[in-house]
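Novice: Sequence and predicted structure are below.
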Amino acid sequence: MTPANDESAVSDAHSKPQLILSEDLTVVDATDAFLAARSLSRDDIAGRSIFDVFPDEAGKNHSSVPHAGEEHLHLALEAAGDGVWEWDILGNRFDFSTRGRAMLGYDESEIGNRLDNWLAITHPDDQERVRANTMACMKGRIPFVSTEYRVRCKDGSWKWLLSRGAVVQRDEKGWATRMVGTTLDISAEQETLRRANFDSLTSLPNRNLFRDRLEKEVQSARRNGKTVALLFIDLDRFKEVNDLLGHDAGDKLLRECANRILSCVRAADTVARLGGDEFTVILIDLESRAHVEDIAQKILDALARPFELSQQRAHVSGSIGITLYPDDGIDPERLVRNADQAMYVSKNAGRNQFHFFTRSMQEQAWHRITMMGELRNALPRKELQLYFQPVVELASGRVAKGEALLRWMHPQKGMLLPSEFIALAEESGLIHEFGNWVFMQASAWSKRWTELTGTLFQVSVNASPVQFMQRKRALHWGRYLSELGLAWNSMSVEITEGVLFNTSSSTAEQLLDMRDAGIQVAIDDFGTGYSSMAYLKRFDVDYLKIDQSFVRGTAPNSTRRTIAETIIVMAHKLGLKVIAEGVETPEQRDWLQHAGCDFGQGYLFSQPVPPEEFEQLLSLHSPAVSGR
Ligand SMILES: Nc1nc2c(ncn2[C@@H]2O[C@H](COP(=O)(O)OP(=O)(O)OP(=O)(O)O)[C@@H](O)[C@H]2O)c(=O)[nH]1
């Protein structure tokens, strides 16, 4: 808000001889001092144009030097702004008051007295607007001119000015011969506006301005019967750039991404950064769907080029979701959601690609939202249950351990496997609650079966990488075991190799804490990921679980079996025990036993079963239990 229309400025300034003007140079109020000096009452001036209040002074002659009568006008104008200008069009003379010049750091001797001298220090991007607005006023198309533009100060910086003025004299043919006006420094307001609307890292429009633009483009397309495309872009694996090269390099990459995306679109299109590594593009005046595809592909190609970041080279890619107005939706909110959903489809399909929004995506999204709501209630409604699958010692054939597996007994859909809901639990953060519940339940069963069999009976639980990510949600499982009075190796935790490779300190610390508490660690699905032996040593892992793809359906002498045998030998050399998953036939069991594998798990022995059934299995294989 400028002083001219700031109500508080009116009351604060009553002691000074000031006149308060609105944007169109109408008098809002005046200070008592101002009125007293001119023998005017408030009623004489309030709500009237400045040029009506001072008709005699406004534009009496062409002279660029204000004569005595005009001083009122100048005083009044100067009180309303930081500077007063007067343009004698016939005399080609543009006068800017001392106060106005001082605002920009220039004195009387600097910058000439012609309009072009001032236009020369006007920002090139704003010159045309200044000219066009002034011309409109001169031609009488608008009663007052009001333009925001940038001017270069003496120190080289740019200031945002608001210039308002009017034609105060015309010749007999109606040509404007003289204009006067005021100039305000609005840099501070512009800066506030800029901060509210632009992203400070990339200078692109931020979420705020993006929403605004999308709404405007949709309105304009509605009026003109045009199509708008909205692209949602999320960089792939950008976190790795931050983790490996540092946050500054990540920032640099984001800035470069902004430039690359900008270079793929036209000036009238909008590129915005919503935050993090998320960008959006609004494409207008579309010719065809193929046109959108071309631009999306261009953006993907641009992002896939290597980034040179302070002597280091980085690679990322982008996943893009696209939605069209009006085909997919007419509401901007809806369009953003559509594009976001389509972007997730690109991510899940392998990244570095684009997908258009489809109705079935919307249905899937609804399905996810519904499932998420139901999942939140699963624990309180006691719908979660543990099943157990035996782990058999191959040499003796006895059930040596059990793996706890989570099941969701969905009231309508029946029993759901972890693959159908764990990703949702990870996304919603419910995984922390679920993980703790599983550990506690499984510990209780371990305790019971240890008492029942008379020997320590270890139960393993699966832990998701997400459970290790937040230090503030540390897994206090070791403490829980002591409270239960359970032995240190009553429980083991199965993690995937990815957890070992996670560079975050939280993950490493939590894993080592767990090891310190005596909980054993097994690596699940071994052989399918990075399979680095060095990491196994670093975290003092106890068990390797060979992925079932190396066992189930494999032929004797096949490469898969050779890999499995090699893993067994290497693991033993490192002092690790090996569990083979997916054992389905006696032939596979015999081969594994021959290869020196310690334990086996699979349908040959038993499917995962509820705890009561598991207990029966135990009694079949354990003399202590069967003897009771
Ligand atoms: N350098 C930098 N990093 C940021 C900024 N804002 C967010 N981030 C990081 O950007 C990363 C965004 O990660 P995600 O999009 O979740 O993950 P991603 O690694 O890109 O993985 P996918 O999207 O699944 O392919 C997080 O690690 C944030 O910490 C920023 O302004 N500068």
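Specialist: It's in.

Novice: Show me which residues of the stretch 201-350 of the chain sit near the ligand.
Specialist: For the stretch 201-350 of the chain, the residues in contact with the ligand (Cβ under 6 Å from any ligand atom) are 201, 234-239, 242, 247, 250-251, 254, 276-277, 347. No exception for glycine: its C-beta is placed from N, CA and C like everyone else's.

Novice: mind redoing it with 5 Å?
Specialist: Residues of the stretch 201-350 of the chain that fall close to the ligand, judged by Cβ under 5 Å from any ligand atom: Asp236, Arg237, Phe238, Lys239, Asn242, His247, Gly250, Asp251, Gly276, Asp277.

Novice: Only the buried subset of these, as a PyMOL command please.
Specialist: Here is the PyMOL command that selects the buried residues among these (16 or more other Cβ atoms under 10 Å):
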select buried, resi 236+238+242+250+277
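
Novice: Now the residues of the stretch 201-350 of the chain next to the ligand in JSON lines, please, with extra columns for pLDDT.
Specialist: JSON lines is the format used below for these (pLDDT from 0 to 100):
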{"residue": "Asp236", "pLDDT": "94"}
{"residue": "Arg237", "pLDDT": "88"}
{"residue": "Phe238", "pLDDT": "93"}
{"residue": "Lys239", "pLDDT": "90"}
{"residue": "Asn242", "pLDDT": "90"}
{"residue": "His247", "pLDDT": "92"}
{"residue": "Gly250", "pLDDT": "95"}
{"residue": "Asp251", "pLDDT": "96"}
{"residue": "Gly276", "pLDDT": "96"}
{"residue": "Asp277", "pLDDT": "97"}
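
Novice: Now intersect the residues of the stretch 201-350 of the chain next to the ligand with the strands, please.
Specialist: When those are checked against strands (DSSP state E), the matches are Asp236.

Novice: and which of the residues of the stretch 201-350 of the chain next to the ligand is nearest to Phe354?
Specialist: The nearest member of these to Phe354, counting by Cβ to Cβ, is Asp236 at 12.3 Å.

Novice: The residue in the chain positioned nearest to the ligand: what's it in contact with?
Specialist: In the chain, the residue that lies nearest the ligand is Gly250 (2.6 Å; Cβ to the nearest ligand atom). Gly250 is in contact with Phe238, Val241, Asn242, counting by Cβ atoms under 8 Å, 6 or more residues apart in numbering.

Novice: Mind checking which of the residues you listed land in helices?
Specialist: Judged by DSSP state H, those include Phe238, Val241, Asn242 as members of helices.

Novice: Touching stretch 463-482 from outside, list them.
Specialist: Contacts for stretch 463-482 (Cβ under 8 Å, 6+ apart): 422, 425-426, 431-432, 435-436, 439-440, 443, 488, 490-491, 493-496, 498-499, 502, 504-507, 509-511, 513-514, 516-519.

Novice: Please convert the residues of the stretch 201-350 of the chain next to the ligand to TSV, extending it with distance to Val84.
Specialist: TSV is the format used below for these (distance: Cβ to Cβ, whole Å):
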residue	distance to Val84
Asp236	57
Arg237	59
Phe238	53
Lys239	56
Asn242	53
His247	49
Gly250	50
Asp251	45
Gly276	48
Asp277	50
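
Novice: Among the contacts of stretch 463-482, which are located in strands?
Specialist: Met491, Val493, Glu494, Ile495, Thr496.

Novice: Show the model's pLDDT score for the third one.
Specialist: Pointing back at Glu494 there. pLDDT, Glu494: 95.

Novice: I'd like the numbering to begin with 9 instead of 1 from here.
Specialist: In the new numbering, first residue 9, that becomes Glu502.

Novice: any idea how far Thr278 is from it?
Specialist: Distance, Glu502 to Thr278, by Cβ to Cβ, to the nearest Å: 48 Å.

Novice: and what of the fourth one?
Specialist: Note on Ile503: its distance to Thr278, by Cβ to Cβ, is 44 Å.

Novice: ok so, going back, looking at the ones in helices among the contacts of Gly258, which one is closest to Thr570?
Specialist: Val249 (37.6 Å).

Novice: Can you report how many residues neighbour the closest one?
Specialist: Using other Cβ atoms under 10 Å, Val249 has 24 neighbouring residues.

Novice: Name all residues that make contact with it.
Specialist: Val249 neighbours (Cβ under 8 Å, 6+ apart): Ala257, Gly258, Leu261, Leu317, Ala322, Val324.

Novice: would you turn those residues into CSV with distance to Phe364?
Specialist: Listed next are those as CSV, based on distance: Cβ to Cβ, whole Å:
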residue, distance to Phe364
Ala257, 33
Gly258, 30
Leu261, 27
Leu317, 32
Ala322, 29
Val324, 23
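
Novice: Would you mind checking these for buried ones?
Specialist: Buried residues within those, defined by neighbour count using 16+ other Cβ under 10 Å: Ala257, Gly258, Leu261, Leu317, Ala322, Val324.

Novice: contacting residues around the last one?
Specialist: Right, Val324. Val324 is in contact with Leu243, Asp244, Arg245, Phe246, Val249, Leu261, Cys265, Leu311, Ala312, Phe315, counting by Cβ under 8 Å, 6+ apart.

Novice: That one - nearest residue in space that isn't next to it in sequence?
Specialist: Excluding the flanking residues, the one nearest Val324 by Cβ to Cβ, 6 or more residues apart in numbering is Leu243, at 5.1 Å.

Novice: circling back: looking at the buried ones among the contacts of Val249, spot the one nearest Leu169.
Specialist: Of all the buried ones among the contacts of Val249, Leu261 has the smallest distance to Leu169: 36.6 Å, by Cβ to Cβ.

Novice: export the strand or helix carrying the closest one as PDB, just CAs?
Specialist: Using DSSP states H and E, Leu261 maps to helix 255-270. Extracted as PDB, the C-alpha positions of helix 255-270 are listed here (Å, rounded to 0.1, in the frame of the first residue of the first chain):
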ATOM      1  CA  HIS A 255      23.200 -29.600  -0.700                       C
ATOM      2  CA  ASP A 256      25.000 -26.700  -2.600                       C
ATOM      3  CA  ALA A 257      25.500 -29.000  -5.600                       C
ATOM      4  CA  GLY A 258      21.800 -30.000  -5.300                       C
ATOM      5  CA  ASP A 259      20.800 -26.300  -5.300                       C
ATOM      6  CA  LYS A 260      22.900 -25.700  -8.400                       C
ATOM      7  CA  LEU A 261      21.400 -28.600 -10.200                       C
ATOM      8  CA  LEU A 262      17.900 -27.300  -9.300                       C
ATOM      9  CA  ARG A 263      18.700 -23.900 -10.800                       C
ATOM     10  CA  GLU A 264      20.100 -25.500 -13.900                       C
ATOM     11  CA  CYS A 265      17.000 -27.700 -14.200                       C
ATOM     12  CA  ALA A 266      14.800 -24.600 -14.000                       C
ATOM     13  CA  ASN A 267      16.800 -23.100 -16.900                       C
ATOM     14  CA  ARG A 268      16.600 -26.200 -19.000                       C
ATOM     15  CA  ILE A 269      12.800 -26.600 -18.500                       C
ATOM     16  CA  LEU A 270      12.400 -22.900 -19.400                       C
END
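
Novice: That helix: how far from the chain's middle?
Specialist: A distance of 14 Å separates the C-alpha centroid of helix 255-270 from that of its chain, computed with Cα atoms, centre = their mean, to the nearest Å.

Novice: which stretches of the stretch 459-608 of the chain have low pLDDT?
Specialist: When residues are selected by pLDDT under 70, those of the stretch 459-608 of the chain lie in 478-483, 510-512, 537-539.

Novice: now the strands for it?
Specialist: Counting by DSSP state E, counting those that start in this stretch, the stretch 459-608 of the chain has strands at residues 466-470, 499-504, 528-534, 551-554, 585-588, 607-608.

Novice: And Ser500, how far from Ile439?
Specialist: Between Ser500 and Ile439 the distance is 19 Å, computed by Cβ to Cβ.

Novice: Just the C-alphas of the biggest helix by length in the chain, formatted as PDB.
Specialist: Longest helix of the chain, by residue count under DSSP H: helix 438-461. The C-alpha coordinates for helix 438-461 follow below in PDB (Å, rounded to 0.1, in the frame of the first residue of the first chain):
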ATOM      1  CA  LEU A 438       1.900 -46.100   9.800                       C
ATOM      2  CA  ILE A 439       4.800 -48.400   9.300                       C
ATOM      3  CA  HIS A 440       6.400 -47.200  12.500                       C
ATOM      4  CA  GLU A 441       3.400 -48.200  14.500                       C
ATOM      5  CA  PHE A 442       2.900 -51.500  12.600                       C
ATOM      6  CA  GLY A 443       6.600 -52.400  12.900                       C
ATOM      7  CA  ASN A 444       6.600 -51.900  16.700                       C
ATOM      8  CA  TRP A 445       3.400 -53.900  17.000                       C
ATOM      9  CA  VAL A 446       4.900 -56.800  15.000                       C
ATOM     10  CA  PHE A 447       8.100 -56.800  17.000                       C
ATOM     11  CA  MET A 448       6.200 -56.900  20.300                       C
ATOM     12  CA  GLN A 449       3.800 -59.600  19.200                       C
ATOM     13  CA  ALA A 450       6.600 -61.700  17.700                       C
ATOM     14  CA  SER A 451       8.700 -61.300  20.900                       C
ATOM     15  CA  ALA A 452       5.800 -62.600  23.000                       C
ATOM     16  CA  TRP A 453       5.500 -65.700  20.700                       C
ATOM     17  CA  SER A 454       9.200 -66.200  20.900                       C
ATOM     18  CA  LYS A 455       9.000 -66.200  24.700                       C
ATOM     19  CA  ARG A 456       6.100 -68.700  24.700                       C
ATOM     20  CA  TRP A 457       7.700 -71.100  22.200                       C
ATOM     21  CA  THR A 458      11.100 -70.900  24.100                       C
ATOM     22  CA  GLU A 459       9.200 -72.000  27.200                       C
ATOM     23  CA  LEU A 460       7.300 -74.600  25.300                       C
ATOM     24  CA  THR A 461      10.300 -76.200  23.600                       C
END
